[in-house]
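Q: need a 3D model of the following:
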Amino acid sequence: MFNTVQFYYFSPTGGTKACGECFCKAIANNVSAINLGLEDAAFNGDCDLAVFAMPVFAGRIPAVAAEKLSALNGNGMKAVTLVVYGVRAYEDALLELNTIVKDSNFTVVASAALVAQHSIVPAVGQGRPNEEDQVSIAAFAQQVMAKLTSGNEEAVSVPGNFPYREAGNMPFTPVCLPECGKCGACVAVCPTKAMVMDDEGIKTDVDTCILCMSCTAACPKKVRVLPPAVQENMNEKMAALVSVHRENEYFL
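A: The predicted model follows:
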């Protein structure tokens, strides 16, 4: 086991954080966590390994997190990269993450594409990461440890394509139901500051919102939701994936 890892994550609804924590706790006694949804990135080098965990949004990693990662300088520190997706596909996300991390002067020694419950259609990948995933991720952590202790720093090759698929925002945002008490919990967690609260309620800028669903996850009364017609449409589009089981993929 390492003594300390620095764990950088962007996890609007908790799935990415859960996967990353499972890995970190299996490889280190102490985990120093940096939530890129709320904090700027800072690397002080006081660790044995850096771990980066990002969700997949339409085959890419979120631009707001990518910008923060690009500001780091790893000074050659070894790193493990993880992307977490909701069953459909991770496409160029892992390649994009590795490229950013390498350009920030980290040495990527291992990578993984992990499955978590879908943030918009929870029936897809429901309950993941589950106990089987946790066992699998912990076993991967031991493989990474074995690679590092052996002195093997062979480059990691991961799937993906250049140029990356084009990123784009959806033309809608979550909304508040009439039961909203305007507590401000949703506004506080928005990573792009797309939301403001005034006397009329919560307003969301559609051009700034990245549909990460952090606001819906943070709502204590569960009255921050997608517009019903949009949710129904998403449920229909993703229906075929409800019964699909994807295995986690590991790259050493």
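Q: which residue ranges form the strands in the stretch 51-200 of the chain?
A: With strands called from DSSP state E, counting those that start in this stretch, the stretch 51-200 of the chain shows them at 78-85, 107-115, 175-176, 195-198.
Q: the first one - contacts with which helices or strands?
A: Meaning strand 78-85. helix 15-27, strand 49-55, helix 93-103, strand 107-115 (3 or more Cβ pairs under 8 Å, 6 or more residues apart in numbering; DSSP states H and E). Every residue, glycine included, has its C-beta placed from N, CA and C.
Q: so what touches stretch 29-48?
A: With contacts defined as Cβ atoms under 8 Å, 6 or more residues apart in numbering, stretch 29-48 is touched by 1-12, 17, 21, 24-25, 28, 50, 64-65, 68-69, 71-75, 77, 189, 191, 212, 214.
Q: how far is it from where the chain is centred?
A: How far stretch 29-48 lies from its chain's middle: 15 Å, per Cα atoms, centre = their mean, to the nearest Å.
Q: quick revisit: what's the most buried one of the strands of the stretch 51-200 of the chain?
A: Of all the strands of the stretch 51-200 of the chain, strand 78-85 has the most neighbours on average by mean count of other Cβ atoms under 10 Å, namely a mean of 27.
Q: that one versus helix 93-103: what angle between them?
A: Angle of strand 78-85 versus helix 93-103, following axes from the mean of the first three to the mean of the last three Cα atoms, to 10 degrees, is 150 degrees.
Q: got the angle for strand 78-85 vs helix 15-27?
A: Using the same axes, to 10 degrees: strand 78-85 against helix 15-27 is 140 degrees.
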